[in-house]
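Asker: Let me see the structure of the following:
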Amino acid sequence: MKTALITGANKGIGFETAKQLLENGYFVFIGSRNLENGESAVEQLKKAGFENIEAIQLDVTDAASVEKARSEIGNKTDVLDVLINNAGINGGMPQAALEAPVESFQDVLDTNLYGVIRMTQAFIDLLKKSEQPRIVNVSSSGCSLTLHSDPSWMYYSHKAAVYTASKAAMNMYTINLAYELRDTPFKVNAVCPGFVATDFNNHRGTGTVEEGGKRIAKYAMIAQDGPTGKFISEEYNPESGETPW
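Answerer: Numbering: from 1, shown residues only. Below you'll find the model as predicted:
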């Protein structure tokens, strides 16, 4: 049975992605900053008939928490097949480039970029033991440099200096990570779930968590001939999903 770890999986897209992987026969570790919330998510999934699931206390901004989670998971399995870096914060609004305090950038980067780095570096040894390891960094087409510099793009005026900077930086980390793992079985991609209605955007999104979770899970389970080192948004590009950086 393949194993997966999803950060920030106690609700929203992370929770739905866990459900999608469970339906496909994976054992899923639900990473949750608050363990009670993680255990509540597990209970919901167990009531839905799933058994191969466990909550793990995991705060991606806390190195000690990440290392403890690595130790706990390492005591339960020798191999991790999938890491989904889903945990993220938006930093609140408004986010004007000339007015947002540096502290806001630091807080958001600590989760959206440094958290991804902490998780990847902590769990890479378990992932390397998988025959088909997958890393999915949850991103957003709204953080594309190309699209945000194009006045004809439908969301051109929807600027958020803090959040978009954090995810653009995470996208660059994804490129470098995929490059370093290019001669291995790893598939590493930045994947946008779409503009999904969740707490993250005060439910202003136009898509469903089911759609978003399905898109993330798809790239967590891609075959060996699948893409790596790509920025994927099937909402932006329904045909191939490939999105400009």
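Asker: for the worst-scoring helix or strand of the chain on mean pLDDT, packing partners?
Answerer: When the helices and strands of the chain are scored by mean pLDDT, DSSP states H and E, helix 209-220 comes last with a mean of 94. The contact analysis (3 or more C-beta pairs under 8 Å, 6 or more residues apart in numbering; DSSP states H and E) places helix 209-220 against helix 12-23, strand 82-85, strand 134-138, strand 187-192. Where C-beta positions appear, they are placed from N, C-alpha and C, glycine not excepted.
Asker: can I get the ones you listed in a markdown table with mean neighbour count and mean pLDDT?
Answerer: Formatted as a markdown table, these follow (neighbours: other C-beta atoms under 10 Å; pLDDT from 0 to 100):
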| stretch | mean neighbour count | mean pLDDT |
| --- | --- | --- |
| helix 12-23 | 24 | 96 |
| strand 82-85 | 28 | 98 |
| strand 134-138 | 26 | 98 |
| strand 187-192 | 27 | 97 |
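Asker: so which of the ones you listed comes closest to residue 3?
Answerer: strand 82-85 (7.2 Å; C-beta to C-beta).
Asker: Roughly how far does the spatially most central residue of the chain sit from residue 11?
Answerer: Nearest to the mean C-alpha position of the chain, by C-alpha atoms, centre = their mean, lies residue 86 at 2.6 Å. Residue 86 is 11 Å from residue 11, where distance means C-beta to C-beta, to the nearest Å.
Asker: Also residue 216?
Answerer: Distance, residue 216 to residue 11, by C-beta to C-beta: 14 Å.
Asker: and residue 46, what does it touch?
Answerer: Shown in contact with residue 46 (C-beta atoms under 8 Å, 6 or more residues apart in numbering): residue 53.
Asker: Kindly report the same for residue 38.
Answerer: Residues in contact with residue 38, defined by C-beta under 8 Å, 6+ apart, are 9, 10, 30, 31, 32, 55, 56, 57.
Asker: Would you reformat those as CSV and include neighbour count?
Answerer: As requested, those are exported to CSV (neighbours: other C-beta atoms under 10 Å):
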residue, neighbour count
9, 32
10, 26
30, 27
31, 30
32, 27
55, 23
56, 21
57, 18
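Asker: now the residues you listed as JSON lines including pLDDT, distance to residue 124 and secondary structure?
Answerer: Formatted as JSON lines, those follow (pLDDT from 0 to 100; distance: C-beta to C-beta, whole Å; DSSP: H, G, I helix; E, B strand; the rest coil):
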{"residue": "9", "pLDDT": "97", "distance to residue 124": "20", "secondary structure": "coil"}
{"residue": "10", "pLDDT": "97", "distance to residue 124": "24", "secondary structure": "coil"}
{"residue": "30", "pLDDT": "98", "distance to residue 124": "21", "secondary structure": "strand"}
{"residue": "31", "pLDDT": "98", "distance to residue 124": "16", "secondary structure": "strand"}
{"residue": "32", "pLDDT": "98", "distance to residue 124": "22", "secondary structure": "strand"}
{"residue": "55", "pLDDT": "98", "distance to residue 124": "23", "secondary structure": "strand"}
{"residue": "56", "pLDDT": "98", "distance to residue 124": "17", "secondary structure": "strand"}
{"residue": "57", "pLDDT": "98", "distance to residue 124": "21", "secondary structure": "strand"}
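Asker: now, which of the residues you listed sits nearest residue 16?
Answerer: For those, the nearest to residue 16 is residue 9 (9.1 Å; C-beta to C-beta).
Asker: these two touch, right, the closest one and residue 31?
Answerer: Yes: using C-beta atoms under 8 Å, residue 9 makes contact with residue 31 at a distance of 5.6 Å.
Asker: For residue 175, the count of nearby residues, please.
Answerer: The local packing of residue 175 (other C-beta atoms under 10 Å) involves 15 other residues.
Asker: What of residue 103?
Answerer: When neighbours are counted by other C-beta under 10 Å, residue 103 registers 8.
Asker: That concludes my questions; thank you for your assistance.
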